[in-house]
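Peer 1: give me a model of this one.
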Amino acid sequence: MKKILGLGMLSVSAITLSAGAALADYELNILHINDFHSRIESINKFDSTCSAEEEGKNECFGGAARLLTAINQTRDALKAEGKNVLLLNAGDNFQGSLFYTTYKGTVEAEVLNAMKFDAMTVGNHEFDDSEDGLAGFLDKVQFPVVTANVVATAASKIGDRVKPSIVLEVGGQKIGIVGAVANDTAELATPGPNITIAEDVAKISEQVQKLKQDGVNKIIALTHVGYPRDLEFIAKIPDVDVVVGGHTHTLLSNTDQKAEGPYPTLVDNPGGYKVPVVQAGQYSKYLGDLKVVFDDSGVVKESKGDPILIDSSFKPDEATLKRIDELKAPIEALKTKVVGSSEGPIEGDRKVCRVKECSMGNLVADATLARVKDQGVTIAFANSGGLRSSIDAGDVSMGEVLTVLPFQNTVATFQLKGEDIRAALENGVSQIDDGAGRFMQVSGMKYSFDRSKPAGSRVISVDVKEGEAFVPLDPAKTYIVAANNYVRTGGDGFKVFATKAINAYDFGPNLEEAVAAYISANSPYKPFTDGRISEVTPAGYVAPAKEAAPAAPAPAAPAPAPVATPAPAPTAPAATAAPAAAAAAASKYVVEKGDSLWKIAAEKYGNGALWTRIAKANTLQHPNHIEIGKELELPAQ
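Peer 2: Below is the predicted model:
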């Protein structure tokens, strides 16, 4: 009897062990940030430095001290529950405040070290001061930096300190991390002659297959290429399991009405499984919080989460606040100097200024022109990518101006033929569907464009100011113009400035000084738009789909049987369901201010997660960016 009982007990144990092996799921919690942009101090609702008064009213967000608290509290709570945790940084930690202007990345390295990141990818702004700035940062950081398509020569100061991929062991499992930065980084910044930015898909694919051959079956793409590219290309690379992104400052959420998509956004991979894609806004305002469950073959079977708003409910770390106070002493006098006042908010939001005329663009372009008008300059340009913040109403400090214009650009003057001015404007609208920073704000001229036309032939009309009147641009005439030295030397794709400029002088006054002086001379400044840029795209235009991603190398071994990941359900109260009759029939919808596909789907179908149906029906190239006034087809449910 004992022997039979023993065999019976052994059989039960074997069955139990076998069942346990079949259900050997692995849970990984990924905390992440992107596009920190030197927000060492907390920010207000305009993304500018928060004042002591606003702090007292609990109106501030983020900042290094508050973000540190949020990270520590969240990570510690997860680990107390026995969870596996990674903290990832998707790039663009440089540029955006007086701390970067003054310390050139050393302060960013210090605060990020305190947060104890597990890995970071390089952002394009990490090359704003060539490889020198990045090299100094790498000297100080205590975590790995991973970017597969940054290729350094033997002469480079960064050496081999930017890895193409790494493997981290978390909870007894190997996690592969592959990084990538935007392919056009050489246009957006200045990597220098010793750095090549290779094509992202090819380099990620190469590293993914290397990791697979090394037995790693859980792979995260940590990217700084933007939400649209993550959806269209990166998440479709074979054997990529999760994409943690940055660059487009995209807020994804299941609870925030202003979100540009669900968190995570699920993408069909050719391997037959769904890849969760996440991004967490900008400027330290959010901490991404994603839970991913892998099966024992390394396939994601579940993914869910939502970004955490870093508001006043998180008490800033006292030691970090003290250190920030020490560091800001040398710049406080400059920062607090009032240069004038504004009668209202000056709009500098990237989502506005990169697609149409905005009041901040008018201010900067007008200030540029005013500063050099006595030199015969009649036209000024301001690339929208150089506008980094809005300014609220009331007193305007030099610190606020520097937050808008943190790059220490100088005013450049040069001569340019009319045909080359038109070519520059064509470059400005060539990537408008991507929300690219090359979109050009202007002064002393006006122009119209039609985005339905092919890139290179979208500019419809150009008029220049002569006296008090506007006259058509003369292609053969030479005009004296001004811009910042970054675009004058070819930045943001403005090669026409670099190659066609006559008598260029790139070392004029600093742009922020010109703007501060203009505000002072026109105080109180009255923000405005006056129709100098107009869009004449026909109603109903839908941007064409991009070309397919380059073919990636075939997997070294057959992919495991996929397990589909269910779409995450919104955790906020569901929007009131549309009437059955309305949902059953196809209809039209005109986009209004504040709309997102998620919001429209919630109103149409009673479920925001069905936004993908609208995106597919309208062949939307960039579902995170829909134009006000655009007519959408809403398919039947």
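
Peer 1: quick check: residue 632 is in a helix.
Peer 2: No: counting by DSSP: H, G, I helix; E, B strand; the rest coil, one finds residue 632 to be strand, located in no helix.

Peer 1: for residue 414, helix, strand, or coil?
Peer 2: strand.

Peer 1: same deal with the one 10 residues further on?
Peer 2: When the structure is split into helix, strand and coil by three-state DSSP, residue 424 lands in helix.

Peer 1: so it touches residue 498, yeah?
Peer 2: No: under the contact definition of C-beta atoms under 8 Å, residue 424 does not touch residue 498, with a separation of 10.8 Å. Every C-beta, even on glycine, is put in place using the N, C-alpha and C of the backbone.

Peer 1: and residue 190, what does it touch?
Peer 2: By C-beta atoms under 8 Å, 6 or more residues apart in numbering, residue 190 lies in contact with 127, 128, 129, 130, 491.

Peer 1: go on, residue 426?
Peer 2: With C-beta under 8 Å, 6+ apart as the criterion, the residues that contact residue 426 are 455, 456, 457, 458, 459.

Peer 1: now distance to residue 183, secondary structure and pLDDT too, for these, in JSON lines please.
Peer 2: Putting the contacts of residue 426 into JSON lines (distance: C-beta to C-beta, whole Å; DSSP: H, G, I helix; E, B strand; the rest coil; pLDDT from 0 to 100) gives the following:
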{"residue": "455", "distance to residue 183": "16", "secondary structure": "coil", "pLDDT": "95"}
{"residue": "456", "distance to residue 183": "19", "secondary structure": "coil", "pLDDT": "96"}
{"residue": "457", "distance to residue 183": "24", "secondary structure": "coil", "pLDDT": "97"}
{"residue": "458", "distance to residue 183": "22", "secondary structure": "coil", "pLDDT": "98"}
{"residue": "459", "distance to residue 183": "25", "secondary structure": "strand", "pLDDT": "98"}
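
Peer 1: which among those end up buried?
Peer 2: Using 16 or more other C-beta atoms under 10 Å as the burial test, those include 458, 459 as buried.

Peer 1: how about the nearest residue to residue 224, chain neighbours excluded?
Peer 2: Closest residue to residue 224 in three dimensions, ignoring its sequence neighbours and counting by C-beta to C-beta, 6 or more residues apart in numbering: residue 91, at 3.6 Å.

Peer 1: that neighbour touches residue 122, doesn't it?
Peer 2: Yes: using C-beta under 8 Å, residue 91 and residue 122 qualify as a contacting pair, with a distance of 5.6 Å.

Peer 1: which neighbours do these two share?
Peer 2: 181, 224.

Peer 1: neighbour-wise, which of the two wins?
Peer 2: More neighbours surround residue 122 than the other of residue 91 and residue 122, with 32 against 29 (other C-beta atoms under 10 Å).

Peer 1: quick check: phi and psi on the closest residue in space to residue 474 that isn't next to it in sequence?
Peer 2: Distances taken as C-beta to C-beta, 6+ apart put residue 418 closest to residue 474, at 4.8 Å, once the chain neighbours are dropped. Dihedral angles phi and psi of residue 418 (degrees, to the nearest 10) take the values phi -60, psi -40.

Peer 1: and residue 112, by the same measure?
Peer 2: With angles defined as degrees, to the nearest 10, residue 112 shows backbone torsions of phi -70, psi -30.

Peer 1: let me see the contact set for it.
Peer 2: Neighbouring residues of residue 112 by C-beta under 8 Å, 6+ apart: 36, 89, 93, 120, 141, 143.

Peer 1: how many neighbouring residues does the closest residue to the first one other than its chain neighbours have?
Peer 2: With C-beta to C-beta, 6+ apart as the measure, residue 93 is the residue that lies nearest to residue 36, at 4.6 Å, once sequence neighbours are left out. Around residue 93 there are 30 other residues, counting by other C-beta under 10 Å.

Peer 1: next one: residue 93 relative to residue 360, how far apart?
Peer 2: Taken as C-beta to C-beta, to the nearest Å, the spacing of residue 93 relative to residue 360 amounts to 23 Å.

Peer 1: kindly report the same for residue 127.
Peer 2: Look at residue 127 and residue 360: by C-beta to C-beta, they are 25 Å apart.

Peer 1: next one: residue 153
Peer 2: Applying C-beta to C-beta, the value for residue 153 to residue 360 is 39 Å.

Peer 1: neighbour-wise, which of those two wins?
Peer 2: Set side by side, residue 153 and residue 360 give different neighbour counts by other C-beta under 10 Å, the larger being at residue 360 (26 against 11).

Peer 1: pretty sure that one sits against residue 396.
Peer 2: No: with contacts counted by C-beta under 8 Å, residue 360 stays clear of residue 396, the gap being 11.9 Å.

Peer 1: outside of the strand or helix carrying residue 243, which residues touch it?
Peer 2: Per DSSP states H and E, residue 243 falls inside strand 242-244. Defining contact as C-beta under 8 Å, 6+ apart, one finds that strand 242-244 is touched by 30, 32, 34, 88, 90, 219-223, 230, 234-235, 267, 275-279, 288, 290, 292, 300, 303.

Peer 1: what packs against the host helix or strand of residue 479?
Peer 2: When elements are defined using DSSP H and E, residue 479 is found to belong to strand 478-484. Packed against strand 478-484 by the contact rule (3 or more C-beta pairs under 8 Å, 6 or more residues apart in numbering; DSSP states H and E) you find helix 359-372, strand 379-383, strand 411-417, helix 418-429.

Peer 1: send me the helix or strand following that strand as CSV with only the CA atoms.
Peer 2: Past strand 478-484, further along toward the C-terminus, the next helix or strand under DSSP H and E is helix 485-488. Provided in CSV are the C-alpha atoms of helix 485-488 (Å, rounded to 0.1, in the frame of the first residue of the first chain):
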residue,chain,number,x,y,z
ASN,A,485,22.7,79.7,-38.4
TYR,A,486,21.5,76.1,-38.0
VAL,A,487,19.2,76.1,-41.0
ARG,A,488,21.5,78.5,-43.0
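
Peer 1: quick one: distance of helix 485-488 to the chain centre.
Peer 2: A distance of 22 Å separates the centroid of the chain from that of helix 485-488, by C-alpha atoms, centre = their mean, to the nearest Å.

Peer 1: same thing with stretch 389-397?
Peer 2: When distances are taken as C-alpha atoms, centre = their mean, stretch 389-397 is centred 23 Å away from the chain's centroid.

Peer 1: next: stretch 224-240.
Peer 2: For stretch 224-240, the distance to the chain centre is 14 Å (C-alpha atoms, centre = their mean).

Peer 1: between the two ends of it, how far is it?
Peer 2: From the first residue to the last, stretch 224-240 extends over 15 Å; the measure is C-alpha to C-alpha, to the nearest Å.

Peer 1: how about stretch 324-333?
Peer 2: Taking C-alpha to C-alpha, the first and last residues of stretch 324-333 lie 15 Å apart.

Peer 1: which residues sit against it?
Peer 2: The contact list for stretch 324-333 (C-beta under 8 Å, 6+ apart) reads 40, 41, 64, 65, 98, 99, 101, 102, 103, 107, 335.

Peer 1: what sits against the last one?
Peer 2: Which is residue 335. Shown here is residue 335, whose contacts under the criterion C-beta under 8 Å, 6+ apart are 49, 98, 328, 397, 398, 399, 402.

Peer 1: I'd like to know which of those residues is nearest to residue 348.
Peer 2: When the contacts of residue 335 are compared for distance to residue 348 (C-beta to C-beta), residue 402 comes out closest, at 12.9 Å.

Peer 1: just the pLDDT for that closest one.
Peer 2: Listed pLDDT for residue 402 reads 91.

Peer 1: residue 30 now?
Peer 2: pLDDT, the model's per-residue confidence, is 98 for residue 30.
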